Structure formats: C-alpha cells, structure tokens
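*Asks:* Sequence and computational prediction follow.
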Amino acid sequence: FRKRSTLTSKNVTKATKQALNGSALNFLKAATSRRARPVPAKTRRATELRLVNSILDEQCFPAAVENGFQVSPMMAQLEEGILDRSLAVSPGTLVEVRWKSFPLIGVILREVHNEGRNGVQTLMVDGRIITHLAHDILYAVPKFIDPFHIKRCGVEDTPVNSKELMARISVAEKVRAFSKSAEGLFNGYSALAPDEEAWASVTVAEAAKLLNVQHLDHNLVLHAVYSRLMKHSQMFVVDSHNFLSSQTFYVRPRAQVDRFDRVRQLMRTSSPRVKQFAMRAKETIAELRKMSTNFKNHAPSYSPAMNLAFTEDDQLFIRFFLDSLVDIRSVQTDPYTPLICDIIKGLGLYKGDVDSAQVRQFLVDLGVLPPWQDIASLREAQPALTAATPKAIPPVVKGITKSVATSPDLGPDDLYPSDPLESIRHDFGQLTVYTIDDYGAQELDDGISVERDASDPSNLWVHVHVADPTSILPPTHTIARRACDATHTLYFHHSSRPMLPDSLGHAALNGKPENVMTFSAKVDSNGDIVDYKVRPGIVRNVRILKYDDVDAAMSFDSNDTTFPFGRTMEPTPTPPNLTIADIENIRLLDLFSKRVVARRLSTSTFSYGLRRAELNVSPKPLPVGAVDLIQPGLFLGGPQISYSVRGPMPSGSRQIVAEAAQVANRVASLFGRDHEIPLMRRSLAAPVGNEEVIADLLKLRDKNGWVDFFDPAEHWTLGVAEGEGYTRATSPLRRYGDLVTHWQIKHALLHNEPLFSTSEMQTTFNNIGAKEHRWKWLEQSHRKWWALSFVKRWKESGRDTGTYNSVKTMIGRVTARARQDIFRGTWVQEVHIPYLGLFGILEGAEVEQEIGAEVAMTVDKIMLTAHPMLRLKPKHGYS
C-alpha cells in the first residue's frame, strides 16, 4: 500500500486485517488515529460505524432485488426497452430503484447481464450492494460520482482492502447527504402550502433553492429535485400541459394531503368506516334514482334531496374522490388510483375498468355533481384554475407605478377617476356601427363601420371599434390582477367564467354612447392597407345583428352547417329590418372583405381546416347545486342540445367580421412599429418544402400555427408581409393580452412613449402564452366531452338503429401515421370524421392506412374520462 497523509502503511495493513476479521470498531480507531484534522463528531462516527458494519456483513451480499413494478410481461419489456434506449445507466449514476414498492437510492457500481436482460449492481445509501434490473430504475442522475471513486469501490461483493471500504463509505455518505437533503422537501411542503384549501405552485429551481442542495453541477441538482417532486404526487402535481418551459409543479392544499393520508390509513388498517361509507353511498344512490325516475324530460333543475344527509365520514370520502380527479399526466404515478379502485369495486355498481369517468359517474349518482358536469371544466380537477398567484409582482403591474402620469396614487381598488384619453377621444357621431355575432353571444367586443374615402371613393375606410375597458380600468387594479391570472374568458357549454365583470364595456347593449378604441384602415381596390389611424373614440349609433340573419337578408353564401342528429332548437334566420343605408354599408363591408381575401390569395399563402362539432345548449347557465356537501343534490331533467357541424372556413357575415378583426390587428402592429413601442406579435414564416407539393397545395387553398414575436415579421397564412406584423388587439373584454396592448398603445398616444418595456412585455406574454396553451386544451377537452356525451346518449337511447342511423357506419379520413398504444398493445391511427366533426382513434385495421385515406368505420367505445376519447373500429368488410 502507498503511504497516505492520513494513514501509515503499517496502520493500514493492520487495520485491513482487523476489518476483514470483522472488527469494525478497531478498524475505525486505527484508521483515524493519525488524522491531522480534528476527530469527527459522534454522530458522524456513529454513521460511519453503521456503514462499515453494513458493508462488512457478508450475509447481505449479493441481494437480488425483486422486480418492484407490478406490470404485465409486455409492460415490463416495454419499460426496459424504453429505459435501455433513453437512459445511460453507467457506473457512477445516482439512481432510485423500487423494491417491493419501497424506493431505494444508491449509485451504480457496474453493469451485469443475466439471460439477456440488462442489470446493474448498485451501492445503496446504507452501504449494501443490491443487484437489480435496469428497468427498476425510477430516475437517474448521470455522473453523480466520478469514475475514479467508483473504481476505488471495487467490484467484489465485499471490499478486499481498506481503500475499497473507505471509498464505499465515502460514496454512501454522499448519497446519504443527497437523500437527506431531498427528504427536507417534506419540510418545504408546509412552506409551499400556506393555505389550508388553496393550491400553490413551485418551479423546480425554486424547490432546489428551498432544499439548499449543495453540488457542483446545478443541472444534476435540478434533475434530482424534479424526480423527487414527480415521485411525491400526493403533494406535488406536475404541470401537465407546459412543463418543458414552465418547470412548474402545483402544490396540493394541506387539507387535501391530510385527507389523502387519513383515507389511506383507514384503508391500510381495513377500518370498518370504509365499508360503512360504501353501504351508505349505495343506499343514497338507490334513493336518488327512485326520486328521478319520472323526470327525464324535465327542465334541468336542482334541489337538496330531502331526508338525506352526508355524515362527516361521507364528506371525507367524497372530497377524497373529488381530489382524485386532478389532471395528472401518465408519467407521474397517481397515488389515488389503488385506493379509488378498491372503493369503487367494493360498491359493485359499475362494470369495466375504474377510471376518472367512473369516479365522475359515482359522484353524479351520489348527488354531488350534476349530470352535465364534465371533468375538464371542474375547478377541483384543474390546479391552475385555483393556484395562488406567484409572490413576484407581474411586470405589467410593477411597471405602472413608474409610468402612469395621470393618476400616480391609484390603489389596488381604485379605478381611473376620469377617462385618461377624454381630451383626444374622437366622436364618431351617428356613423352606424354594426356588431354582428351568434345568437347567445355573451361578450360583444367590437363593431364595424365603413365609409368611402372622401378624396378617392374607390378606397374604403373600415373602422373596427373595440370595447374600451381600459378607459376606467388601470393595470394596478385588483380586477386587472385577476384578469392577468385568468388570462382570458373560459367558455363552457353549461356556464362561462368571464375574465372581466359585465359592467365593463357593455354600454352599447343599453343604447348608451360607448367609449371604444378604434383601429381604422384605408383599403384600396387591390386590398392593400394604404393608410391607417388608431384613435380612442366614442360611438353612439350601434346596431346589434346576428350572423345568420344578416346572411339571409343579404343572400350571402351559407357556411355549410349540417345537423347529423336533426335540427332541433336552432333559431330560424329572421331577416333584420335593414334600411337602404344599412344594405349599402354591409355591401361595402362585403366588398372590403373580398378585396383583402383576393389580396391574400394573390400570394403563395394557403389555409386549411377540418369540420368541427358545435353544440348549442339551453338553458344557460345550468344549475350546479351546492358545494357544502351537507346533503345530496337532486338533479332532474337535462338541457336541450343542438348538435351541428360547421365548416372550417368562415363565409358571409362571419368572414366580414373575421377579416375586419385581422385588419385591425395589422393596424395595431403598424402603429407599434411606427411609434417604436414594443408589442407582442404573432408571426408564421412561409413553409419550406417541395415546390411541386406546395404548388398543389396552393391550388387547393385549404391556417394553422403561430409564434409570439416582437418584430413585425411575416404572418404567412394571413398574408401579412414582413415589416407589417400582426398584433391581437380586438378582444380586451375576454383576452388579457389585448388589455395589455391597449394600455401600451394608449400611453403612446398620450405621452409618445411605451408604458411597458420590451423585457416587461416579454415576461408578461410568456406567462400569458403558457396559460393560453392550458386553457385552449381545457376548452377543447370540455367541448369534446360534451359532444361525445351527446353521441353516447344517442346510441344508448336506441336511436342509432333503423333507417335513420347517424353513427352506425361513417367515413373517416386518416390524419396521422400509425403508432403503438403501449398500454393496449395495439396499433392505432388518428382519424377525423367529417360527419361528426370529431377526431377519433382507429383500432384494429389490418394494415396502416395512408394519411388522407378514407376508411369506413363504426363506434367501438366512447370514453368520457378527463381526456375524452372516441375509439373506432373498421366496419366489417373494410380495412
């Protein structure tokens, strides 16, 4: 042995013999007798003693760990294959493995192979070595220990000399320190969940800072902390829609974690309280079914179920079931699943797999949720809807204190005492403004007026008058802060959640003059914008019209709407009482629309889309019942629903409104460019591809995709040229980003400078973009659930038999390549069904279908889960 600074060769030789003879205490005494530094603390020596005893206990080696994953052989092979391809389990990697559901943490010493399966030997935190399969690894941190120290640990089951022993002690202590730091996360949970019932959020970086994990490689720390957060899903729920950029986990409320622990303990101990709850639930469900038997065609209503009440235990379990509906990605273990399965199966009321659809149905049958409540729009299922606002003040609020010269002393509940732009507001007098929308539209954001240019009548001035809530609402107001959190209005079939109160921006509905922000464009005969104006305005003559009524009166082309289940409650178009001046104005607006469309089509742009389902629900809002869980609710009847399928591209009056909004957004961008104020823009470059293929697509002329951008870049599908740009500014009542744009433009009109800097705008719109992505998914999932629920009820009612059969055989068009469903072991392909306006998953085809191919199919199964799905199968005789 070589002489080291802390050990003489003589002492090492003697110590090694003593150690290998089992005298761990004497070994430590000898090995530390000549250390230059002070003797370690008793706690550290005790830890080292335990490690030495564990390492030298030959009865522990080798320990073959049983497979901890309770999966089928197919899943085990899939898991192992995925791991082998995506994770390098090289020596020195910190890993967490599962042994009979218990997590163990350690460092890989070497790879081993057994019957063709990849395995590893891992030095655990207690100093023992276990041998296990590679696919038992839950997470890994590569290069946690350098190769030199791993090599010093040796490869034998027991250390052959003191170097190997001390190396293993060193590695085990480092793992132990890392593990102990990660365990501090539980202390951090209390700090991150300050409210009993409110969700909070934390990023991986924030959690790492809270843990105070010390390591030279910060990326390794972040990866390890991320893995710990992923594992403890009873406390932390990963952002299921935008994690790659947000790196956010939602922190469950303390009351929710407490409920989980209480129910888990009751079930672990086989408490009779669990069976008693199940018995009471079955009795309640039976009683509610009796009460509602003869009211299927009743108008939707809610009333407390008399003579029925929930006990304290009932409330505990019901809230536990509601907690379980939180949207968790499949990559994160759902801790509620085994507990929920045991209770649901014990009821004996439901067949098939236990999933979120069964949980929802159980809560509906129990009188907790109304029959029309889907999972996606349920507040309890979406942490982002209720998570507390981050402590950091958004830049949009912080910047206002240094920029607004009009009212420097506004508090969080103070509106503007007067209109900041009153002195420069343009009065449009009796110019007729047309607000055109669907029946039942809740927020009328904008109106349109048109007039010929005085100097050249061939040019048209089109004015888009946008609601102006910022005339009284400053960025510092509590309402603005809540709007920032909400991002935009959520439109649901059974109710809506407005971003702003109805009192802001609805003066025109009452026939009163209304403040507006007006974006005006002069469009020539070629469809080019040759001049523009941005002004705060006031309008006095507003006409509110409906799309279908205008189309009927003006004989515009139909939007190709179909009704696969019959036209039940759609209002028959009623031609409005249009004056000669109205007809002339609408014809000019139609001419404007045709000009800008022709200008766009003269370029190489094209758009595409697919038919989509639209439901009209009445009445609205639907009753939701009480939320105190004192007693069950009796929900009777159901809403009237009209199922229609609309074409992808707007036409007639819808196209007029759409083109006017696009021109207004282009004008907003031009104003920002010419006044050098930062605005968030949307752009899309032209596609790069085979010229012949693009030429064929241009012939079809059948829009998708954008990216946020500050520079006025090209937006190819909208025909917006480089240098012009496209900024959304026409919906401040329902989009927070449009509110910010209005504040920015108004400040430039008043002071010739922006209100918010580029960095403040970037931070604000990064937050908006992430939320918009989630809300878009939420609304799409909600709409799909309602559409599939309608189709499911139609089938179950027996109306899909006979001559009028809407869903028995349909033609679908393949929209994606085939992929393997690893859970079902089948090959599936996404298809679009134009007849229903829905996407589905085709299973069971003998061969992969080409994208665009038409396939005859029928409905196999409708799954009304948190992620609703339409499963299809080929019609017999077709492939």
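*Replies:* Received it, and whenever you're ready, just let me know what you need.
*Asks:* what helix or strand is Phe144 on?
*Replies:* Secondary structure here is read from DSSP states H and E; on that basis Phe144 sits in neither a helix nor a strand.
*Asks:* which other helices and strands contact the helix or strand Lys861 falls within?
*Replies:* When secondary structure is defined by DSSP H and E, Lys861 falls within strand 854-863. Of the remaining helices and strands, those touching strand 854-863 by 3 or more CB pairs under 8 Å, 6 or more residues apart in numbering; DSSP states H and E are helix 758-796, strand 810-814, strand 826-833, strand 838-843, strand 869-874. C-beta here means a position set from N, CA and C on the backbone, and glycine is covered the same way.
*Asks:* Ok, which of those comes nearest Ile529?
*Replies:* Relative to Ile529, the nearest member of these by CB to CB is helix 758-796, separated by 24.0 Å.
*Asks:* in that closest one, what's buried?
*Replies:* Counting neighbours by 16 or more other CB atoms under 10 Å, one finds that the buried residues in helix 758-796 are 760-765, 767-772, 774-775, 777-779, 781-792, 794-795.
*Asks:* cool, and stretch 271-278?
*Replies:* For stretch 271-278, the buried set under the neighbour-count rule, 16+ other CB under 10 Å, comprises 274, 277-278.
*Asks:* Then stretch 540-548?
*Replies:* 540, 542-543, 545-548.
*Asks:* For it, what is the distance to the chain centroid?
*Replies:* Once both centres are worked out by CA atoms, centre = their mean, to the nearest Å, stretch 540-548 turns out to sit 36 Å from its chain's centre.
*Asks:* quick one: average confidence on that stretch?
*Replies:* Here stretch 540-548 scores 92 as its mean pLDDT.
*Asks:* ok, residues contacting that stretch?
*Replies:* Under the contact criterion CB atoms under 8 Å, 6 or more residues apart in numbering, stretch 540-548 has outside partners 427-439, 444, 447, 508-509, 511, 513-514, 571, 573, 576, 582, 652-654, 657.
*Asks:* Give me the buried subset of the residues you listed.
*Replies:* When neighbours are counted using 16+ other CB under 10 Å, those contain these buried positions: 428, 431-437, 444, 447, 508, 514, 582, 652-654, 657.
*Asks:* Among those, which are located in helices?
*Replies:* Residues from the buried ones among the contacts of stretch 540-548 lying in helices, with DSSP state H as the criterion: 582, 652-654, 657.
*Asks:* which of those residues lies closest to Asp485?
*Replies:* Distance to Asp485 across those (CB to CB) is lowest for Val657, with 29.0 Å.
*Asks:* Could you list the low-pLDDT ranges of the stretch 551-700 of the chain?
*Replies:* Low-confidence segments of the stretch 551-700 of the chain, defined by pLDDT under 70, span residues 558-559, 569-571, 606, 627, 683-700.
*Asks:* for Ala205, what are its contacts?
*Replies:* Listed by CB under 8 Å, 6+ apart, the contact set of Ala205 reads 222, 247.
*Asks:* Pull the helix or strand it falls within out as PDB, backbone CA atoms only.
*Replies:* Secondary structure here is read from DSSP H and E; on that basis Ala205 sits in helix 204-211. Output in PDB follows, covering the C-alpha atoms of helix 204-211 (Å, rounded to 0.1, in the frame of the first residue of the first chain):
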ATOM      1  CA  VAL A 204     -38.000  23.000  -9.900                       C
ATOM      2  CA  ALA A 205     -35.400  25.800  -9.400                       C
ATOM      3  CA  GLU A 206     -37.400  27.200  -6.500                       C
ATOM      4  CA  ALA A 207     -37.700  23.800  -4.900                       C
ATOM      5  CA  ALA A 208     -33.900  23.300  -5.300                       C
ATOM      6  CA  LYS A 209     -33.200  26.600  -3.600                       C
ATOM      7  CA  LEU A 210     -35.500  25.700  -0.800                       C
ATOM      8  CA  LEU A 211     -33.700  22.300  -0.300                       C
END
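*Asks:* how big is the angle separating the very next helix or strand once past it from helix 204-211?
*Replies:* Under the assignment DSSP H and E, the closest C-terminal helix or strand after helix 204-211 is helix 218-231. Here helix 218-231 runs at 90 degrees with respect to helix 204-211, directions being taken by axes from the mean of the first three to the mean of the last three CA atoms, to 10 degrees.
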